[in-house]
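A.B. asks: next input, structure requested:
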Amino acid sequence: MNWVRIPLGVLQTNAYILSNEKNECLLFDPGAEGEKIKTVLREQKLVPLAILLTHAHFDHIGAIDEMKEEWNIPVYVHELEQEWLGDPMLNGSQSLMNAKITARPADKTIKGEEAIAIGSFQLSILETPGHSPGSVSYYCKELKAVFSGDALFKGSIGRTDLFGGNHDQLLKSIHEKLLALPEDTIVLPGHGPETTIIDEMETNPFLNGFSF
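C.D. replies: Predicted coordinates for the structure are as follows:
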């Protein structure tokens, strides 16, 4: 399995493509610049099987409809944020960007933590709320990587001043769900470069010294 990070849009939100040896792939958080994503997929001759959202803020959903028009594939989002896709106030585009960024309704709603199989891809869904109520992370044991969305970054954590954000809840999510993963797990965040669980345990100033 291989992954590719594609920073997109004015906020440089990371979309990820996770591919297998059959040239099938999963697409995480296609936030903007749909043509840029399409170009990468075509150049690598990849066929997407699904779109998985870590959460439904505008900078993570902006190119969903373009992807669905090209490939009729299902979109996964947590049930707490399924209405955000069509609501510019809930997804933050209206208040933060004075824009109305929306996407069509999701095809699959995530309800709790579960293991999912899409083609040959096996993922564990971890509920990691705090940045937003329906934030989830996708852990791929075979890849030894977690797609953490805007929960955990290299040297930082997600903001919690947006609608539904909760700082204590986010820290709890990180400690109980993400830092519980194997220490060599690669963290693929929604913004910025990748990191590892052990690096964040040892150096992230937002996590050191926190206790419940």
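A.B. asks: look at Asn208 and report its pLDDT.
C.D. replies: Note for Asn208: predicted pLDDT of 78.
A.B. asks: tell me the contacts of it?
C.D. replies: With contacts defined as Cβ atoms under 8 Å, 6 or more residues apart in numbering, Asn208 has no neighbours. (Glycine included, C-beta is placed from N, CA and C.)
A.B. asks: how does it look with 10 Å?
C.D. replies: Contact partners of Asn208, counting by Cβ atoms under 10 Å, 6 or more residues apart in numbering, are Glu200, Met201, Glu202.
A.B. asks: cool, Pro30 as well?
C.D. replies: Pro30 makes contact with 6, 8, 13, 15-17, 36-38, 48, 51-53, 60-68, 75, 103 under the criterion Cβ under 10 Å, 6+ apart.
A.B. asks: tell me which element Glu66 falls in.
C.D. replies: With the criterion set as DSSP states H and E, the secondary-structure element containing Glu66 is helix 64-70.
A.B. asks: quick check: buried residues in that helix?
C.D. replies: Using 16 or more other Cβ atoms under 10 Å as the burial criterion, the residues of helix 64-70 that qualify are Ile64, Asp65, Glu66, Met67, Lys68.
A.B. asks: how far does the helix or strand just after that helix sit from its chain's centre?
C.D. replies: In the C-terminal direction, the helix or strand that comes right after helix 64-70 (DSSP H and E) is strand 75-78. Taking Cα atoms, centre = their mean, to the nearest Å, one finds strand 75-78 lying 10 Å from the centre of the chain it belongs to.
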